[in-house]
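Undergrad: whatever this is, show me its structure:
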Amino acid sequence: MARPGRRAGCGSDRIRNYGSLALDGAREFVLQIDDAGDGISCDQADWADAKVTLLDGREVWLADLPFRAGAGRPPFTTEPPFSFKFGGKTLTELAWQPARSTRQLDAVRTEHTLRYADEPTGLEVRCVAVEYANFLIVEWTVYFKTTGTGDTPILEDILALDASFHRTSGDEFVLHHNVGSPCTPNDFQPLETALKPGGSKRIAAAGGRPSNSDWPYFNVAWPGAGVIVAVGWPGQWAADFTADAAGGLRIRAGQERTHLVLHPGEEVRTPLMVIQFWEGDWIAGQNVWRRWMLAHNLPRPGGQLPPVQMAACSSHQFGEMIHADSAGQKLFVDRYPEEKLPLDYWWMDAGWYLCDGQWPKTGTWEVDTKRFPGGLRPISDHARAKGVKTIVWFEPERVHSGTWLSENHPEWILGGKNGGLLDWGNPEAWKWLTDHVDRLITEQGIDLYRQDFNMDPLSFWQKNDAEDRQGITENHHVTGYLAYWDELRRRHPNMLIDSCASGGRRNDLETMRRAVPLLRSDYIMEPVGNQGHTYGLSLWLPFQGTGTGSREISPYLLRSTLVTSFTACFDVRRTDLDFELIRRVLGQWKQYAPYYFGDYYPLTAYSLDQTAWMAWQFDVPEKGEGVVQAFRRAESVYEAARFKLRGLDAGAEYVLTNLDTAQSQTLSGRELLDKGLAVVIAGQPGSAVIVYKKAR
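TA: Residues are numbered from 1 along each chain as shown. Modelled structure (predicted):
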C-alpha cells in the first residue's frame, strides 16, 4: 500500500528531495521528515511528481490516484470511487480511458479532474476531485454531459460513491450515524449500528429533503481508525453499508433513483461526496471534521466567519408576522437595547407579504404595505440606527394557489395553477426569482436572507419524470437551488443565508457551504430535547442556532438553548419578565460561546431521561481554554457528578471557574483527564457552566 507521509509543518522553511526511491517490492512506504539539522521542528515536506509502478506494469502518478491514503485502506487502485451504467454497461465494461489534469486552487487545495468521452454518443463524464493538504480529506462530484445531436442511451444506477474499505483486526465495523430533524425531542440523536460480516445497513432521505429523517453524514469506525463519509445532496439520497466476511466494507451512496436519457447539451451531476480518514477514536475523527468545516466550509460573508450572534423576533406574539405591523416591530426592536440585551439581528418571519392573513399562502412576494407602509425598509432603517441588522423570511419553492406566481406563471409550477413546487430546473423561473428576490433584498434593506421549505418535493419531482427520465427533475431542481444561492451570494457578498426547511430538514453539506441553520429544529418546546439536539448536532456542525420564547425563564432553560446563534422570542412588552436574569445568563454566554468553535467532547451518554445528567466540553487547545456545560434533569436524585475531560495538556495546570458561584480552583491536566472534574448542581433541574484556562 502506498502511503505518502502527511504534509506537516507550520513554518516557511521547506525541504525538498528529488530523486528515485527503490521500494524493493514493499507494499507500504512512509515518507518521514526531520528537522534537517537546523533545530526547527515544524519543517514541511512536499513530495512532488511522485510516481509508482503497479504490479500490472502501469506507471501511476500519485496525484492521479482517486483516493488519498488512510488507515484501513486497501492497496491503492486506479479504479474510480464512483460507478454507473451506460447503455447497460458498467464503466469497467465500457473500458474508457480517462484524461487527467491537475491544478492548484490555493496553498492547501489541489483539484484533480478525470475526463471520459464516448464519441459515438457524445457523452462526457467528468469527475472533479479536491484534495486537502492540511487534512486527510478528499471530495468529488461527477458530471455527465452530452455533446451529441440526439438522446443518449440510458444512464442509470449512478453512485457518487462506490468504494470498499478494509479493517485489519477481527472486530466489527461500527457505523455512527444520527437522526435527522423530524421535529422530535430526539432530533440529531447519535446512533450506532454494528456491521457484522454479511450484514448491511441502508439509510435514505425521506420525501426529498436531505435531513428530513436521517442525517446525511456518517462515521465508520474500526479499531484505531475509521472514515467519515458525507453525502452533499439537497434532495433524495440513499447510502448502503455492506460488510463482507473478509474484513471489507463496501459503501455506496448517491441520488436514490437515476434511470434517464440525456437530451442534446444537457448535463446532470452527482451529489458531492466527502471522505475523511482518521486515526485514534471516532470522537477524534469528529473533531478533525469540525476543524475542516470551519477551515473550508462555513460561509464567510465579507471574508469573515460568522460570529456568535443573538437574534430576536416577535413571531410568538403576532402569529409569525400575520398580525404584525410597522409600529409593533419598531417597538420590539427598541425594547431590547432598552433592557441592555445584546441584539445583533431583528428577525421578521413568515407573513410580511400579501397572503390574505394566512402565512402559508406563499407565492406573491410583495410586501403588504397596508400593514407595513413603505415596506420593510422603515423597520430595517430603524433597527440599523440602533446597530441591529435584519433577517427576513422567504419560502420561494412552495407556491400556493391564488397567488401571483400560480396565476401568472402556472407553467413554472410543478402542480400548475393549483399550486405546488416551483420548478428550479426551468431557466425562466430561476431568472425571475433570482432577480426578484435580489431586488427585495436591496430595496427592503435585508441583511440576512432566511429561506424555508415546508413541503416534501419528492412526489412532485417523480410525477414530472417520464419513464426514461427518472431522477432528472430532482437533479435539475437541486442544481438550480444551489445556483440560486450562489448568485445571491455573488450579488450580496456580505450577506449570510439561513437554511430552514421546517427546521433543520435540508442541512446537507452542499447547503451548509452556503448557509447556516439558525433554527436547527422546529422542536423548541422544552429544554431536554434541546440539550439532546446540541449533544448530537455538535458532532458535525460548529455553527448552529435555536431559541426560546417560554414564559418561564430560568438559567436551566436558557442554557439548554444557547449555542452559537441564539434567538430570543420574549414578549418584551411584559413588565414581569426577569430581565436581570436574562442579562446575567446571556452575558455569561457571550463569554464562553466562542469556545463552540473549538473541539467537542460529549462527557455523558446521550439520554432524554428526566433522571439523567447530560454534559459536554468544548476545548480550544491552541489557547488552552474551554468550557464544560452540565445539566441536572428534573428527576435526577444526584446532586453531583464527575466528568473526565479530554484534549487537555496533562503536564499543565488549569484554572477552572464556575460562572454562577464565581468560585475558582486550580487542577492539573492529568487529574482532569484521569480523575475528572467534580460538578455540583443543587437545583432540580439545574445547570452549571465551568470555564477553564491553562495557568500561565
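
Undergrad: all helices for the protein, in order.
TA: Under the criterion DSSP state H, the chain contains helices at 91-94, 282-296, 326-338, 377-384, 404-408, 427-443, 458-463, 472-491, 509-512, 527-537, 555-561, 579-592, 669-674.

Undergrad: what's the mean pLDDT across the third one?
TA: pLDDT averaged over helix 326-338 equals 97, rounded to a whole number.

Undergrad: who touches it?
TA: Contacting residues not belonging to helix 326-338 are listed as 312, 314, 317-318, 343, 346, 348, 371-374, 378-379, 382-383, 386-388, 568, 572-573 [Cβ atoms under 8 Å, 6 or more residues apart in numbering]. In this view, the C-beta of every residue, glycine as well, is placed from N, C-alpha and C.

Undergrad: can you rerun that using 6 Å?
TA: 312, 314, 343, 346, 372, 379, 382, 383, 386, 572 (Cβ atoms under 6 Å, 6 or more residues apart in numbering).

Undergrad: specify the angle between that helix and helix 579-592 in degrees.
TA: In terms of direction (axes from the mean of the first three to the mean of the last three Cα atoms, to 10 degrees), helix 326-338 departs from helix 579-592 by 70 degrees.

Undergrad: in helix 326-338, what counts as buried?
TA: For helix 326-338, a neighbour-count test (16 or more other Cβ atoms under 10 Å) marks 326, 328, 329, 330, 332, 333, 335, 336 as buried.

Undergrad: give me the neighbour count for the closest residue to residue 224 other than its chain neighbours.
TA: Distance criterion Cβ to Cβ, 6 or more residues apart in numbering; nearest residue to residue 224, sequence neighbours excluded, is residue 279 at 6.4 Å. When counting by other Cβ atoms under 10 Å, one arrives at 14 neighbours for residue 279.

Undergrad: lowest confidence element among the helices and strands of the chain?
TA: Least confident element among the helices and strands of the chain, by mean pLDDT, DSSP states H and E: strand 14-15 (a mean of 26).

Undergrad: can you show me the CA trace of stretch 220-232 as PDB?
TA: In PDB, the C-alpha atoms belonging to stretch 220-232 read as follows (Å, rounded to 0.1, in the frame of the first residue of the first chain):
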ATOM      1  CA  VAL A 220     -17.500   4.300  10.200                       C
ATOM      2  CA  ALA A 221     -15.100   3.100  12.900                       C
ATOM      3  CA  TRP A 222     -12.900   0.100  13.300                       C
ATOM      4  CA  PRO A 223     -10.100  -0.400  15.900                       C
ATOM      5  CA  GLY A 224      -7.900   2.600  16.000                       C
ATOM      6  CA  ALA A 225      -9.100   4.200  12.800                       C
ATOM      7  CA  GLY A 226     -12.100   4.900  10.500                       C
ATOM      8  CA  VAL A 227     -13.600   7.000   7.800                       C
ATOM      9  CA  ILE A 228     -16.200   9.800   7.700                       C
ATOM     10  CA  VAL A 229     -18.500   9.900   4.700                       C
ATOM     11  CA  ALA A 230     -20.700  12.900   3.800                       C
ATOM     12  CA  VAL A 231     -23.400  13.000   1.100                       C
ATOM     13  CA  GLY A 232     -23.800  16.600  -0.100                       C
END
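
Undergrad: was I right to think residue 687 contacts residue 556?
TA: Yes. Proximity of residue 687 to residue 556 meets the contact threshold set by Cβ atoms under 6 Å, at 4.7 Å.

Undergrad: and these two? Which one has more around it.
TA: Higher neighbour count among residue 687 and residue 556: residue 687, with 24 against 21, using other Cβ under 10 Å.

Undergrad: rewinding a little: could I get the contacts of helix 326-338 as a markdown table with neighbour count, pLDDT and distance to residue 292?
TA: Formatted as a markdown table, these follow (neighbours: other Cβ atoms under 10 Å; pLDDT from 0 to 100; distance: Cβ to Cβ, whole Å):
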| residue | neighbour count | pLDDT | distance to residue 292 |
| --- | --- | --- | --- |
| 312 | 24 | 97 | 32 |
| 314 | 27 | 96 | 38 |
| 343 | 23 | 96 | 32 |
| 346 | 27 | 98 | 33 |
| 372 | 22 | 98 | 42 |
| 379 | 27 | 98 | 39 |
| 382 | 17 | 98 | 40 |
| 383 | 24 | 98 | 35 |
| 386 | 14 | 96 | 37 |
| 572 | 21 | 95 | 40 |
